[in-house]
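Undergrad: Quick one, fold the following:
(chains A, B and C)
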Amino acid sequence: MKLSEVAEALGGELVGDGSIEIVRAVHPAEAESAADLALAMDKRLAEALNGCKARAAVLAEGAAIPDGRLDGYILVKRPRYAMAGVTRLFDMPVHAPEGIHPSAVVEPDAEVAKDVRIGPFAYVASGAVVAAGTVLMSHVTVGAGARIGPDSLLHAGARIGERVEIGARAIIHQNASIGADGFSFVTPDAGAAEEARSGASDSVTAQNVVLTRINSIGTVIIGDDVEIGACTSIDRGTISATRIGNCTKIDDLVMIGHNVEIGENCMICGQAGIAGSTRIGSRVVLAGQVGVGDHLTIGDDVVVGARSAVGTNLPSRMVAIGTPAVARSKAAEIYMYTRRLKGLFDEVGRLKTRLTAIESGKKKG
Amino acid sequence: MKLSEVAEALGGELVGDGSIEIVRAVHPAEAESAADLALAMDKRLAEALNGCKARAAVLAEGAAIPDGRLDGYILVKRPRYAMAGVTRLFDMPVHAPEGIHPSAVVEPDAEVAKDVRIGPFAYVASGAVVAAGTVLMSHVTVGAGARIGPDSLLHAGARIGERVEIGARAIIHQNASIGADGFSFVTPDAGAAEEARSGASDSVTAQNVVLTRINSIGTVIIGDDVEIGACTSIDRGTISATRIGNCTKIDDLVMIGHNVEIGENCMICGQAGIAGSTRIGSRVVLAGQVGVGDHLTIGDDVVVGARSAVGTNLPSRMVAIGTPAVARSKAAEIYMYTRRLKGLFDEVGRLKTRLTAIESGKKKG
Amino acid sequence: MKLSEVAEALGGELVGDGSIEIVRAVHPAEAESAADLALAMDKRLAEALNGCKARAAVLAEGAAIPDGRLDGYILVKRPRYAMAGVTRLFDMPVHAPEGIHPSAVVEPDAEVAKDVRIGPFAYVASGAVVAAGTVLMSHVTVGAGARIGPDSLLHAGARIGERVEIGARAIIHQNASIGADGFSFVTPDAGAAEEARSGASDSVTAQNVVLTRINSIGTVIIGDDVEIGACTSIDRGTISATRIGNCTKIDDLVMIGHNVEIGENCMICGQAGIAGSTRIGSRVVLAGQVGVGDHLTIGDDVVVGARSAVGTNLPSRMVAIGTPAVARSKAAEIYMYTRRLKGLFDEVGRLKTRLTAIESGKKKG
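TA: Just a heads-up that it's a prediction; the model follows:
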């Protein structure tokens, strides 16, 4: 690909020789030849161009260009967005040969579109449907009656439970689990967990002697253009479905409990967890390691800061931080004053001394 | 199944036509025909019956029944407990054909009971024992010398390590790992972690230059009626066993460290973690994302609130909350006063001003 | 093995009969015969020797030896370090028959050293390289172009993504995922997450209507002697590599984000998470459930306490605790004063009353 073609694809400004042939896009420090395109979108990386073997680069508008080191370069307005374009141009698609690997097992009554590629040891169970253009890498399970939309990519070891429905263009990463049973148990009489939740005592009297299982007879329904991270677990609903809306992206090691409903265009970052029956709006961002309690409602466009624990409903557009999560300014206030507590204790001690001095002065007086 | 039979199975009160034939149990909003039983156990759902196609429902005692919309219904005392009954009556068991799938591998010296069902690409290693009535779904590993009790269900991709013992009626979800090695390393001399734990300094002087592995030559022993969630990891003991008691239920993405012992009837919720060598009593509830430190003892019937971090032993029946976890009332106190800190700083400022005024008045006086 | 040989291997002091033949090393409570070596390195366990069937034991120097119960014993200076030696002497290596299991699939253009042992349903993809002495247990995936160093052990269900490079003597546990794509999305204009991070408002105005994917065209490069826990996920870099240094040990359910670089000899404990592009020095210890934000730099020899959340760069050797993590003494200060807040509020109330009394006395006076 010519540098001029890269510039056009990125909507960037070409400076210098557009005819340079580009083979790879690389970090400036890893450039090995004149066919490498150095990605130097932030200031630190622009400096790294000085020792770099590449003769072409992508830089942010306004960056300092090292004198005479580059034969051509592309200036972009929004470097992070340009990264999406660059990695699309130089994508490294998975190695997935055409056809169905002879070791794979596809049950006779499964419906698999003609051009579906299926890797070694993948299993498509009875009644499952896999639409056109989809790739199942090695060791994937598509459970009985599950449906996978077109042009999806299921990485090695992804488990799609029975009757789960997944839309078009899904990307499911290694060892993710979709459709395990919800974690749902009940005691014949109100148990210790219920007592602890409803009361305010420092101890419980009830005992969970008999834990009776509530089976998960529901499923999971996932929209189009959803991505689900490695080792993430999305449980099925009790009688209805756990639902993930279109274009929502879920990172690794995330837990989505039973009956949860997530809207569209959300970003759920690594190790976040959403407990059962909670509803998450659209375009919500949950940063890493966030926890959201059960049976809550989180409005559209909410942003929850990293490691926060949400224990209440949150209105749309709120930026919530902390454990328990509160409005960002309140969290900042608590944080600031908490750090200054020693000073306050000392100050109160001094005031007390001064007050006592006045009081004793009066007595003496 | 007739509505009257459902009522009897649930121990509920039948009102109206008990002869209605029921095929499915559904959320009121998802009822499609008169053969659907609408589950409307909470007030919000009872209202949803108004637009519902079902002619039969389950409701909580005391619920408002919509006029004329139902031909028959069942009233239950404890709706959540009734859910257990309903989902058992209308359970959706896994699709697991009889016999051993031709693609599965069972080593000749493994002992597999006659009626065990084994899915595609499952592997039962040398010397393993799988008891009667158990189902191994696709891609399951039962390691060498491991033992699985009767009537258990191992979902796709569950990994049972070598020599691990699992009791009767276990349910192990997709991609769970039982019996990985414990995380146990030691330095020839006391290292940075030991120094940090034993001292009170803000920095360490020791360096972990050589990390020597302590091998895990123990195993994991799991009682009867235990459930283990998707992508959960339970590590083996160092020389003895990590132990999970009868009827304990463990959710997804939970980590149980080496040498941990958990009693009976516990509930360990999603993404909780228990560090090495800690003992958890019976009927303990750890809510979601709880952490419990290593070498601790947690008494029977303890309830730990969501996202709490336990750093000390906890006595039986305690309700503990916070990071570090303390008695619930103490946690509530800290929470309340922390939120009011700004007001306190302001108040102390005013007191100081008033005190200074008095003092300067006296001087002048 | 003779007791004297064990003593020599551990560098311990032999007392009594060194000719005792030892078959197993066990917890004192689990000793069944005179061929068992009771490991009683801590005081509690030394007491347990009293009811023990073993005739030989390992004890810490200075321990109280029960009268007449032992025919021979070994005294060690550093019991925890001795455990490494004992578990190495009595190791229980995995059951991995020689050769390639007939059910395994190795692509013709993969390079697999002669003595590599490959279990059932393992898959070595096109162009992958597996060096001598390595063991792939059942259901392992080695992706196209990946490289596994010599003498490594990959447990069942471990997923090694395409082009990932792993050094010598790696131990990768069950269902770990190496080389899933990074979680990296961008909006055409600055989105809600960027607005929330850069501003201080309690709400956002931007909406993440279009989430554009940044593909991960980089890889993961792992040094020698690295251990990676069960269900842990290490994502590949965007254009460069996510890197794990030699001798670093990573526990279960850990998440390592894209572009992260970790030095040598680190210990990353269970359920910890490191967000994208963060650099971790060498010999760093992250305790359980720690979170480290993105684009941070953590110095060498840093120790971060359990459940802490790191939101800033940390200098070398720092002991950091809390959420957000601060120097240990600051965290202890905040903790202590926070617990005493009720007393402070009460004290300030009393001071106010006394001050008012003085003020009203003056007025009256």
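Undergrad: Relative to residue A:150, how far out is the closest residue to chain B within the stretch 1-150 of chain A?
TA: Of all residues in the stretch 1-150 of chain A, residue A:144 sits closest to chain B, at 3.5 Å by Cβ to the nearest Cβ. In short, each C-beta sits where N, CA and C put it, glycine included. If you measure residue A:144 against residue A:150 using Cβ to Cβ, to the nearest Å, the figure is 20 Å.
Undergrad: which residues does the residue of the stretch 1-150 of chain A closest to chain B contact?
TA: With contact taken as Cβ atoms under 8 Å, 6 or more residues apart in numbering or on different chains, residue A:144 is in contact with A:125, A:126, A:127, A:128, A:162, A:163, B:94, B:95.
Undergrad: Identify all contacting residues around the helix or strand bottoming out on mean pLDDT in chain A.
TA: The element with the least model confidence among the helices and strands of chain A, by mean pLDDT, DSSP states H and E, is helix A:43-48, at a mean of 80. For helix A:43-48, contacts defined as Cβ under 8 Å, 6+ apart pick out A:27, A:28, A:29, A:38, A:39, A:40, A:59, A:60, A:63, A:64, A:65, A:66.
Undergrad: Rounded mean pLDDT for the lengthiest helix in chain A, please.
TA: The helix spanning the most residues in chain A, taking DSSP state H as the definition, is helix A:341-364. For helix A:341-364, the mean pLDDT works out to 91.
Undergrad: and the angle for that helix with helix B:341-364?
TA: Interaxial angle, helix A:341-364 versus helix B:341-364 (axes from the mean of the first three to the mean of the last three Cα atoms, to 10 degrees): 30 degrees.
Undergrad: Buried residues in helix A:341-364, which are they?
TA: Neighbour counts using 16 or more other Cβ atoms under 10 Å in any protein chain shown place A:341, A:344, A:345, A:347, A:348, A:351, A:352, A:354, A:355, A:358 of helix A:341-364 among the buried residues.
Undergrad: what's the closest of the residues you listed to residue C:243?
TA: Using Cβ to Cβ, residue A:341 is the member of those that sits closest to residue C:243, with 40.6 Å.
Undergrad: nearest residue to the closest one other than its sequence neighbours?
TA: Excluding the flanking residues, the one nearest residue A:341 by Cβ to Cβ, 6 or more residues apart in numbering or on different chains is residue C:337, at 3.8 Å.
Undergrad: was I right about that neighbour contacting residue A:342?
TA: Yes. Counting by Cβ atoms under 8 Å, a contact exists between residue C:337 and residue A:342, whose distance comes to 5.9 Å.
Undergrad: CA atoms of the longest helix of chain A as CSV?
TA: Written as CSV, here are the backbone C-alpha positions of helix A:341-364 (Å, rounded to 0.1, in the frame of the first residue of the first chain):
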residue,chain,number,x,y,z
LEU,A,341,-8.3,14.3,58.9
LYS,A,342,-5.2,14.2,61.0
GLY,A,343,-5.0,18.0,60.7
LEU,A,344,-8.5,18.3,61.8
PHE,A,345,-8.1,16.1,64.9
ASP,A,346,-5.0,18.2,65.8
GLU,A,347,-6.9,21.4,65.3
VAL,A,348,-9.8,20.3,67.5
GLY,A,349,-7.3,19.3,70.2
ARG,A,350,-5.8,22.8,70.1
LEU,A,351,-9.2,24.5,70.2
LYS,A,352,-10.0,22.4,73.3
THR,A,353,-6.9,23.4,75.0
ARG,A,354,-7.5,27.1,74.3
LEU,A,355,-11.1,26.8,75.4
THR,A,356,-10.1,25.1,78.6
ALA,A,357,-7.6,27.9,79.2
ILE,A,358,-10.3,30.5,78.8
GLU,A,359,-12.7,28.5,81.1
SER,A,360,-10.1,28.1,83.8
GLY,A,361,-9.1,31.7,83.5
LYS,A,362,-12.7,32.7,84.1
LYS,A,363,-12.9,30.4,87.1
LYS,A,364,-9.7,31.8,88.6
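Undergrad: helices or strands up against it?
TA: In terms of contacts (3 or more Cβ pairs under 8 Å, 6 or more residues apart in numbering or on different chains; DSSP states H and E), helix A:341-364 is packed against helix B:341-364, helix C:328-339, helix C:341-364.
Undergrad: can you list those in a markdown table and add distance to residue C:319?
TA: Output for the helices and strands packed on helix A:341-364, formatted as a markdown table (distance: least, Cβ to Cβ, whole Å):
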| stretch | distance to residue C:319 |
| --- | --- |
| helix B:341-364 | 26 |
| helix C:328-339 | 4 |
| helix C:341-364 | 25 |
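Undergrad: Please report phi then psi for residue A:29.
TA: Summarising the backbone geometry of residue A:29 under the convention degrees, to the nearest 10, its torsions are phi -70, psi -20.
Undergrad: tell me the contacts of residue A:109?
TA: Taking Cβ under 8 Å, 6+ apart, we find residue A:109 in contact with A:126, A:127.
Undergrad: Check the gap between it and residue C:253 for me.
TA: For residue A:109, the distance to residue C:253 under the criterion Cβ to Cβ works out to 37 Å.
Undergrad: near chain B at all, stretch A:179-186?
TA: Yes. Stretch A:179-186 lies in contact with chain B when judged by Cβ under 8 Å from any Cβ of the partner chain; the contacting residues are A:179, A:180, A:181, A:183, A:184, A:185, A:186.
Undergrad: on that earlier part again, got a PyMOL select line for the buried ones in the contacts of residue A:144?
TA: Below is the selection syntax for PyMOL that covers the buried ones among these, with 16+ other Cβ under 10 Å defining burial:
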select buried, (chain A and resi 125+127+128+162+163) or (chain B and resi 94+95)
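Undergrad: what subset of the contacts of residue A:144 is also close to chain C?
TA: Among the contacts of residue A:144, none lies close to chain C by the criterion of Cβ under 8 Å from any Cβ.
Undergrad: Go through the contacts of residue A:144 and name the one nearest chain C.
TA: Ranking the contacts of residue A:144 by separation from chain C, with Cβ to the nearest Cβ as the measure, puts residue A:125 on top at 16.6 Å.
Undergrad: Quick check on that closest one: phi, psi?
TA: For residue A:125, the backbone dihedrals (degrees, to the nearest 10) come out as phi -80, psi 180.
Undergrad: what number of residues lie near the closest residue to residue A:198 other than its chain neighbours?
TA: With sequence-adjacent residues excluded and distances taken as Cβ to Cβ, 6+ apart, residue A:198 is closest to residue A:190, at 8.0 Å. Per other Cβ atoms under 10 Å in any protein chain shown, the neighbour tally for residue A:190 reads 15.
Undergrad: now the one 4 residues further on
TA: Close neighbours of residue A:194, defined as other Cβ under 10 Å, add up to 18.
Undergrad: give me every residue that touches it.
TA: A:187, A:206.
Undergrad: any idea of the mean pLDDT in the strand or helix carrying it?
TA: Of the helices and strands defined by DSSP states H and E, residue A:194 is found in helix A:192-198. Helix A:192-198 shows a mean pLDDT of 91.
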